[in-house]
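Chemist: Following is a predicted model, sequence given first.
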Amino acid sequence: MKDDRNRQGTWNASLRKIGCAGMLVLLLVWWMGHAEGGGGEGKSLVGRLKSMYLSLKARMIGVEKRMDGVEQRMGGVEKQVVDVKEVSKRSKKRAESAEVQAGKAKKRSESAEVQARDAKARAATAENEARAAVQRAHAAEKQAKQANERANQAEQRLIKLQDNFQLKLQDNFQRLQGQLAQQRQAFQAYRKLFAKEEAARIAEEAARIAEEAARIAATKEDTKEKAEAQKRKAGEQRLFKMSGVEFKERWIPAGKFVVGNPDICFANSNEKPQREVELTRGFWMMETEVTQAQYKAVMGYNPSKYTLCCDTYPVENVSWHEAALFANKLSEARRLPQCFTCKGERENAYCEARWNKGSDYIGCKGWRLPTEAEWEYAARAGTITPRYGAADRVGWHYDNTDWETKPVWKKQPNAWGLYDMLGNVWEWCYDGYDDS
């Protein structure tokens, strides 16, 4: 503001000089008119010059008023720039918890200040151009023949300059307002985004900690289970009851075995060649095929076709999905993790294996369907022959039945205490057949 007042004083001084020069020109013309005899032409010339001087003076006064208006508008712009800086400071204080976003807002504020300084520089340029116009007008006064033409040109340029300056001033002011509004919106958006990112980060960190805790707990549990498994004997029995129905299990230890039929002549194409498979985890398996009594105790209904005799008959007419749902409900009743994700009930059930982070299907602690390798390993029970005993002694088949199911526990078990691993009804496994 002090510089602007200095410039205004300089401008007023210039106008005074122009006025003084005009008076000197009038006096000179008047003296020349009297010196030539005081004729009418001299008076007429003096009158015209006087009118030109008064017209020029009035225009200079108008220019001075316009420059005062320009100064006032410049003061308004500077005040708005100060307001922008104040808003930027308050924004910086609010955003101390979001340092990165505050830095970006600060850069935008600095950019606004640079633009304000550019606007001020353009105003100074306009003022310099106005000074040049005044200087040209002063030179026009000294050159009497070209004074009127140059004064008109200077006035036209000044009017055009003022109009352009006012338009630019309005555009800059509107642009500053728009940028300030954008900065406010961006700041609010950054605050919301930071809050969401912070919540997501905390949730992710909590999930990571929970996952790590679960992994540590699972590792401890696995270590404990492995220690307990080493103490167990193959075929060790344990039992539990549900709704008065007894469920018996047998322990199947970890180990290696050869998959496939050793009898090359009678082996099916999908039973050869033989290959060695290792099971790294021991597991519990039901001593018999699931009986109708056991299925009804868990599921609440019996889908079997042969129901005329007793509940010790194996359940049949059960799809793979119903078998998986049975395993899930048994796990739920025993307060164990569920190994499948199931939708629907009874014949409308649809299940998929649940693959949890940090463990696979085999590592599920609840009841599940055995894999094909686990089933064959449990059926062999350490033997290497096609059967673990004579067919009539170990299982029901088409030569010793009337094509109907038979009760469990009636034939000889294998070495690990499992009944009907051969004969009677088919058992579901987890994995499907793959010829590779």
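Modeler: Here it is on my side, so go on. Numbers count the residues shown, from 1 in each chain.
Chemist: what residue lies at the spatial centre of this structure?
Modeler: To find the centre residue of the chain, average its C-alpha atoms and take the closest one (CA atoms, centre = their mean): that gives residue 197, at 8.1 Å.
Chemist: which SS state does it fall under?
Modeler: Residue 197 carries the three-state label helix when classified by DSSP: H, G, I helix; E, B strand; the rest coil.
Chemist: go on, the one 3 residues further on?
Modeler: Secondary structure of residue 200, reduced to three states by three-state DSSP: helix.
Chemist: ok, back up a step: for the residue nearest to the centre of the chain, give its distance to residue 95.
Modeler: Between residue 197 and residue 95 the distance is 14 Å, computed by CB to CB, to the nearest Å. C-beta: built from backbone N, CA, C; applies to glycine.
Chemist: Quick check: next helix or strand after the lowest-mean-pLDDT helix or strand in the chain?
Modeler: Least confident element among the helices and strands of the chain, by mean pLDDT, DSSP states H and E: helix 2-35 (a mean of 57). If you walk from helix 2-35 toward the C-terminus, the next helix or strand you reach (DSSP states H and E) is helix 40-94.
Chemist: Tell me which stretches of the protein form strands.
Modeler: Counting by DSSP state E, the chain has strands at residues 237-242, 245-252, 255-259, 275-279, 283-286, 340-343, 350-353.
Chemist: Just the C-alphas of the second one, formatted as PDB.
Modeler: What that stands for is strand 245-252. Output in PDB follows, covering the C-alpha atoms of strand 245-252 (Å, rounded to 0.1, in the frame of the first residue of the first chain):
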ATOM      1  CA  VAL A 245     -26.400 -92.900  19.500                       C
ATOM      2  CA  GLU A 246     -22.800 -94.100  19.900                       C
ATOM      3  CA  PHE A 247     -20.100 -93.000  17.500                       C
ATOM      4  CA  LYS A 248     -16.800 -94.900  17.400                       C
ATOM      5  CA  GLU A 249     -13.600 -93.600  15.900                       C
ATOM      6  CA  ARG A 250     -10.200 -95.200  15.100                       C
ATOM      7  CA  TRP A 251      -6.800 -93.400  15.000                       C
ATOM      8  CA  ILE A 252      -5.000 -93.600  11.600                       C
END
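Chemist: could you dump the strands of the chain to TSV with distance to residue 106 and mean neighbour count?
Modeler: Putting those into TSV (distance: least, CB to CB, whole Å; neighbours: other CB atoms under 10 Å) gives the following:
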stretch	distance to residue 106	mean neighbour count
strand 237-242	68	11
strand 245-252	68	18
strand 255-259	68	14
strand 275-279	64	12
strand 283-286	63	18
strand 340-343	51	17
strand 350-353	53	16
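Chemist: Out of these, which is closest to residue 103?
Modeler: With CB to CB, the closest approach to residue 103 among the strands of the chain belongs to strand 340-343: 46.6 Å.
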